[in-house]
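[1] Could you work out the structure for the sequence below:
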Amino acid sequence: MSRRRQARKHEVSLFPFLDILACVIGNLILIITAVVLDQMDTKPIAEAAKIDDLREQTQQNIERSEQLQKQLLQLLTQAEVGSQRIAAAGQKVLDAEKQVASAQSRQQQAALLIKPSAIAATDQQLATDNLRLKDARKKSDAEASLLAVQIAERKKPLEKSIVVLPPGTGGGPKRSLFVEASRGKLIVYEGTKSWELPADKATTDPRLKALFEKVKADKEAIVTFLVRGDGLGALAAGQRAAEEAGVRSGRVPLPGDGSLDLSNAR
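    Down below sits the predicted model:
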């Protein structure tokens, strides 16, 4: 008698269910990550980047100031050398005057001993010597005057300039409209020219509005306010005008009262 065939066992596979569960979990993780990133506040990061830029610019300004101080020391050294040359020229003048006085004294003494013809020849020689000494004195005086003028020019204090660097080359703005904020006024640097307007006219000035519209149309441009120590009120008026125009703006404090050097920022 033949054996019965054994009944096949029906097995249930859980692989499709686990696959679907893993996909669902992955999607949930992506959604949660997107929500968290969207809610993150990126303003502190931007402020930190601005602070780093300001620190770097301040360091460069300090290095520039040290270079100017070295140049001033060199000029003072040259001025001291010029003063020594003036003193030497004055000593030559005194020596020449002594020689003239000595010659005149010898002439008076010789007049008592020498014959009239010899006295005439001596007088002529002394006159020639006097003319030569006068010419030498004029040259010495002219040289001393020239050296005095040069020393006065070199002793004038050097006017320190503040170098403004261009915007960063990263993902930020690449062009900037520079506006200087000082006491009661705004100075706009448009190309190689500049013009100013009262701070209380910033929101109504048509020329400034037209420039702000150009900056607004350029996605890679920004308005940069260069703030003097006494220009906080003008800064507030300028920023208010920029906000009304809908343009991006930033501010950079200026270290000192020197003239601005925008040649590297254009």
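[2] which residues touch residue 133?
    By CB atoms under 8 Å, 6 or more residues apart in numbering, residue 133 lies in contact with 96, 99, 100. (Each C-beta comes from the backbone N, C-alpha and C, glycine too.)
[3] So for the one helix or strand residue 78 maps to, mean pLDDT?
    Mapping residue 78 onto the secondary structure by DSSP states H and E places it in helix 43-111. Helix 43-111 shows a mean pLDDT of 81.
[4] Same question for stretch 198-208.
    For stretch 198-208, the per-residue pLDDT averages 92.
[5] End to end on it, go ahead and measure it.
    11 Å (CA to CA, to the nearest Å).
[6] Repeat that for stretch 218-229.
    The straight-line separation of the ends of stretch 218-229 (CA to CA) is 30 Å.
[7] got a list of contacts for that stretch?
    With contacts defined as CB under 8 Å, 6+ apart, stretch 218-229 is touched by 164, 167, 172-183, 212, 214-215, 235, 238-239, 242, 247-254, 257, 260.
[8] buried stuff in it?
    Across stretch 218-229, burial judged by 16 or more other CB atoms under 10 Å covers 221, 222, 223, 224, 225, 226, 227, 228.
[9] Stretch 75-82 now?
    75, 79, 82.
[10] Go ahead and confirm residue 100 touches residue 131.
    No: in this structure residue 100 lies outside contact range of residue 131 using CB atoms under 8 Å: 10.8 Å.
[11] Those two: which is more packed in?
    residue 100 (16 against 10; other CB atoms under 10 Å).
[12] And that one, how far from residue 143?
    Plainly put, residue 100 is 19 Å away from residue 143 if you go by CB to CB, to the nearest Å.
[13] swap in residue 241?
    Relative to residue 143, and taking CB to CB, residue 241 is found at 59 Å.
[14] If you count surrounding residues, which of the two has more?
    residue 241 (23 against 15).
[15] Relative to residue 63, how far out is that one?
    For residue 241 relative to residue 63 (CB to CB), the value is 34 Å.
[16] just residue 107 next, same as before
    Using CB to CB, residue 107 is found at 67 Å from residue 63.
[17] Compare the two and say which is more crowded by neighbours.
    residue 107 (15 against 10).
[18] Excluding chain neighbours, give the residue nearest to that one in space.
    In space, and not counting its chain neighbours, residue 107 is closest to residue 126: 5.4 Å by CB to CB, 6 or more residues apart in numbering.
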